[in-house]
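>>> Here is my input; please provide its structure:
(2 chains)
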Amino acid sequence: MKKYISIIGPTASGKSALAMNLARTLNGELINCDSVQIYKGFDIGAAKPSPAEIQEIPHHLIDILSGHEDYDARSFARDAEEKIADIRSRNKTPIVVGGTGLYLRALWQDGFHDLPKSSELRETLKDLNTDELRQKLDQLDPERSKEIHGNDRFRLQRAVEIASLLGHSIKDLPPPSSKRTESFVIYLQIDRKTLSARIAQRSQIMLDQGLIDEVKHLLTQGISEKAKPMQSIGYHEVIQYINQVYKKEDLIEKITIATRQYAKRQETLFRKIPKDFIWNQDSSLDDLIQVAKDHLGLNR
RNA sequence: GGCUUCUUAGCUCAGUCGGUAGAGCAGUAGAUUGAAAAUCUACGUGUCCCCAGUUCGAUUCUGGGAGAAGCCA
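Numbering: from 1, shown residues only, chains lettered A, B, ... in the order given. Model (predicted):
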């Protein structure tokens, strides 16, 4: 018997709308699994649900952090598990919605490690070039080092950080096991062309709704350009525009392209995840609800 | 109307002292020990604007044509 529903799919595929429909009929509550919607004030660019939607159906793990705070997959898994248990205890249906694959993996695995981190160490590692990082990692965790490409300084740096703090190879930790089977997984499938058009349209809407002002407001509030959510799609491009890296008329194109590329990466990641229900244009909501009820044991 | 410059991959352009061509971006596929809306990897045949001439051979040289931009009228 499944404990909760997960709705996954590329960005702009319509996850939120489907989630709302399911929540209405299944007495559900939504748990956000999107690494940007977690943040307060990042509304337009993160395509957050509207206040009306949030009022109608409870949404969890939205607006729980301010822009300069750190979050990670392990924290998400812990928070989401707590919410799932809480929602179930009230005899409602938890529905996890979002496109952040790493967070989903964390939630779906038992023994997903709470790896150490240190912002101080991170600062010092930032000054090293990739060769120096590689040398360090070869010393600290040669096995892990083999897995990371020389140009992937993001992973090299984090791997050095982990190995240093851990004091041993990350490979010595017990491997996590899957508990994905606890979730009824719905995948939103949408053809590339349609998605591409939707993304372009949504980018325009974001700008029309005042994405630039939202970014300026966040900056005024003291959120750094370098803050994590400011690196995300839409925000990063607006910052570039503000810094005159490119022109206003190019902004829509930049955001659209970055979003499409992200959607493509999501599809690659989700391709290998087993799904319980593929939702596409021909799907019927009644069918989905029936299948979901069966899996969740909601028929009586 | 005259002069000048340009016309090469979906886009912006490089290049070939004559032997049919390559970068960036876009696109496609992939990775993901977890900072992930991040980060990284692989993949490059296209009437080299058209027609004719010279040549063993022209995208490259010559002539003509078409289109674009700038300057002068």
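>>> My guess is A:His236 contacts A:Ala227. True?
No: counting by Cβ atoms under 8 Å, A:His236 stays clear of A:Ala227, with 10.9 Å between them. Just so you know, the C-beta spots here come from the backbone N, C-alpha and C atoms, and that holds for glycine as well.
>>> Name the nearest residue to A:Ala77, ignoring sequence neighbours.
Counting by Cβ to Cβ, 6 or more residues apart in numbering, A:Ala77 lies nearest to A:Ala106, which is 3.9 Å off, once chain neighbours are set aside.
>>> Look at that neighbour and tell me its secondary structure.
At A:Ala106 the chain is in helix, as set by DSSP: H, G, I helix; E, B strand; the rest coil.
>>> Roughly how far does the one residue in the stretch 101-250 of chain A that gets nearest to RNA strand B sit from A:Ile239?
Nearest residue of the stretch 101-250 of chain A to RNA strand B: A:Ser232, at 2.6 Å (Cβ to the nearest atom of the strand). Here the criterion is Cβ to Cβ, to the nearest Å. By it, A:Ser232 lies 11 Å from A:Ile239.
>>> same thing with A:Pro58?
Separation of A:Pro58 from A:Ile239 (Cβ to Cβ) stands at 33 Å.
>>> Compare those two and say which one has the larger neighbour count.
Taking other Cβ atoms under 10 Å, A:Pro58 and A:Ile239 do not tie; A:Ile239 has more neighbours (18 against 14).
>>> Can you tell me the closest non-neighbouring residue to that one?
That would be A:Glu225: by Cβ to Cβ, 6+ apart, it lies 5.3 Å from A:Ile239.
>>> Now that that neighbour has come up, it's in contact with A:Lys216, right?
No: counting by Cβ under 8 Å, A:Glu225 does not reach A:Lys216; the two are 11.4 Å apart.
>>> Longest helix in chain A, please.
helix A:248-271 (DSSP state H).
>>> Following that helix in sequence, what is the next regular element?
strand A:277-279 (DSSP states H and E).
>>> So for A:His236 and A:Ala227, which residues contact both of them?
Common contact partners of A:His236 and A:Ala227 (Cβ atoms under 8 Å, 6 or more residues apart in numbering): none.
>>> Run through the residues that contact A:His113.
Contacts of A:His113 (Cβ under 8 Å, 6+ apart): A:74, A:170, A:173, A:176.
>>> could you check whether the helix or strand bottoming out on mean pLDDT in chain A is close to RNA strand B?
Least confident helix or strand of chain A, by mean pLDDT, DSSP states H and E, is strand A:177-178 with a mean of 82. No: against RNA strand B, strand A:177-178 shows no contacts by Cβ under 7 Å from any atom of the strand, the least distance being 10.7 Å.
>>> can you give me the offset of that strand from its chain's centre?
20 Å (Cα atoms, centre = their mean, to the nearest Å).
>>> Repeat that for stretch A:8-28.
Distance of stretch A:8-28 from its chain centroid, counting by Cα atoms, centre = their mean, is 15 Å.
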